[in-house]
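Trainee: For reference, the sequence and a predicted model appear below.
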Amino acid sequence: MENKLVSSWCKNVQTLPESYIFPPDERPGEIAVPLSGSSPIIDFNTDHALILQQVNKAGQDFGYFQVINHGISETLLEETVSVFKEFFNMPAEEQANYYSVDPNSKCRLYTSTYNYSNEDTHYWRDNLTHNCHPLEDNLPFWPEKPANYREVVSAYSVETKKLITKISDVISEGLGFEKGYLGGELSKVQLLSVNYYPPCPDPNLALGMHSHCDPNLFTVLYQGNVYGLQILKDGKWTGVEPLPNAFVVFIGCQLQIISNDKLKSVTHRAVTNPKEARVSVGTFVIPSSDCHIEPVSDLGKTSTKNPLYKAYQYKEFLHTYATKHGDFEAVLQFYKL
Ligand SMILES: O=C(O)CCC(=O)C(=O)O
Ligand SMILES: [Fe+2]
């Protein structure tokens, strides 16, 4: 397929092309929505019991939280974002080497969604996706340019893996499971998904990413310092403020089901802005495709007594999620007992 990346043609464009203008009822409207002042921020360098309590509360009330003092250096975060910016600013001929909409390809560079050719309206974003671990198996498929891509992104993947284990353990403990319960098959895959949102000529008419819940276990997102992320809270789109060096953690659909609705998965999307390119670096923690998923009671040993959802294999969930076009409410209804 022809290279349609927004980053490869948008620099010469002053008005938003028709195919990026959403119908009036789907537009983000005034983008200066109030940022969520009560946004849950959790300091990972504090009392362990307090962290467990805060993670549980945020997962129940908000479906996401921001983590500060997580142990990943500011320098590495800056270097990582700068490598991705360079990647998305390479000449179109270079980018074309990585362009792929094949969901089975080991490294995918595409624009809007995988469904570009059938979309009514396109999203103002490009995306690069590849697996991270084990590094030695996956690294050969990663971009070779910019020259330091593999070195910097390896370091980032290793550090985020450590953070993912910390987060996974506090969520496990907070739910009353033993430490490590959410590791293993439930967290088998670490998928890197980098979004690039170039400055947009008319952010009130366009969207960067569609409204969705993450279908996986949980997601760790570094959104840098440019605003664009919004969550749907009490029926209103609310901004998630970019905090210096913070990670946003989203409770995924699988955690909502495993926790029998104790934790909630929150609907979110991305809007654009006219001035600054925005890079968001998502790491999706994903169960193996054969992984057995069901609501689990305390200590994670037996199925819960009053399960709200029936058991399934993760790959079945993905199939249902696709047939329901990512509508999580409809998917939940499908698995409801
Ligand atoms: O760009 C963002 O802030 C949102 C990214 C996101 O929700 C995702 O990649 O699933
Ligand atoms: Fe997401």
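Mentor: Arrived safely, thanks for sending. Ligands and ions are numbered 1, 2, ... in the order given.
Trainee: how about V153, secondary structure?
Mentor: Classification of V153 using DSSP: H, G, I helix; E, B strand; the rest coil returns helix.
Trainee: Is it in contact with E79, as I believe?
Mentor: No: in this structure V153 lies outside contact range of E79 using C-beta atoms under 8 Å: 9.6 Å. (Glycine included, C-beta is placed from N, CA and C.)
Trainee: Now for the nearest residue to H212 once chain neighbours are set aside, how many residues are close by?
Mentor: Counting by C-beta to C-beta, 6 or more residues apart in numbering, the nearest residue to H212 once its immediate chain neighbours are dropped is G326, at 5.4 Å. Other residues within reach of G326 by the criterion other C-beta atoms under 10 Å amount to 16.
Trainee: Now for G326: which residues touch it?
Mentor: G326 makes contacts with H210, H212, C213, P215, as judged by C-beta atoms under 8 Å, 6 or more residues apart in numbering.
Trainee: Most neighbours out of the residues you listed, which is it?
Mentor: Neighbour tally across the contacts of G326 (other C-beta under 10 Å): the maximum, 24 neighbours, falls on C213.
Trainee: Test my guess that it contacts G252.
Mentor: Yes: using C-beta under 8 Å as the test, C213 is close enough to G252 to be in contact (7.4 Å).
Trainee: Could you tell me which residues touch both of these two?
Mentor: The overlap between the contact sets of C213 and G252 (C-beta under 8 Å, 6+ apart) consists of S265.
Trainee: Under the pLDDT cut-off, which ranges of the stretch 201-337 of the chain? List them.
Mentor: Counting by pLDDT under 70, the stretch 201-337 of the chain contains low-confidence ranges at 299-302.
Trainee: Recalculate using a threshold of 90.
Mentor: Under the criterion pLDDT under 90, the flagged ranges of the stretch 201-337 of the chain are 233-236, 297-306, 325-326.
Trainee: Where do the helices of it begin and end?
Mentor: Applying DSSP state H, counting those that start in this stretch to the stretch 201-337 of the chain gives helices spanning 253-258, 314-323, 328-335.
Trainee: For the shortest one, name the packing helices and strands.
Mentor: Just to be clear, that refers to helix 253-258. Secondary-structure packing of helix 253-258 (3 or more C-beta pairs under 8 Å, 6 or more residues apart in numbering; DSSP states H and E): strand 292-293, helix 314-323, helix 328-335.
Trainee: Quick check: neighbours of the first one in the sheet, parallel or antiparallel?
Mentor: Same thing as strand 292-293. Listed by DSSP bridges, the sheet partners of strand 292-293 and their directions read strand 312-313 (antiparallel).
Trainee: okay, the helices and strands packed on helix 253-258 in CSV with mean neighbour count and distance to ligand 1 next?
Mentor: Converted to CSV, those look like this (neighbours: other C-beta atoms under 10 Å; distance: least, C-beta to the nearest ligand atom, whole Å):
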stretch, mean neighbour count, distance to ligand 1
strand 292-293, 17, 20
helix 314-323, 16, 13
helix 328-335, 16, 13
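Trainee: With distance to N225 added, can I get the helices of the stretch 201-337 of the chain in TSV?
Mentor: Supplementary listing: the helices of the stretch 201-337 of the chain in TSV, determined by distance: least, C-beta to C-beta, whole Å:
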stretch	distance to N225
helix 253-258	27
helix 314-323	32
helix 328-335	29
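Trainee: which stretch among these comes nearest R108?
Mentor: Among these, the nearest to R108 by C-beta to C-beta is helix 314-323 (16.2 Å).
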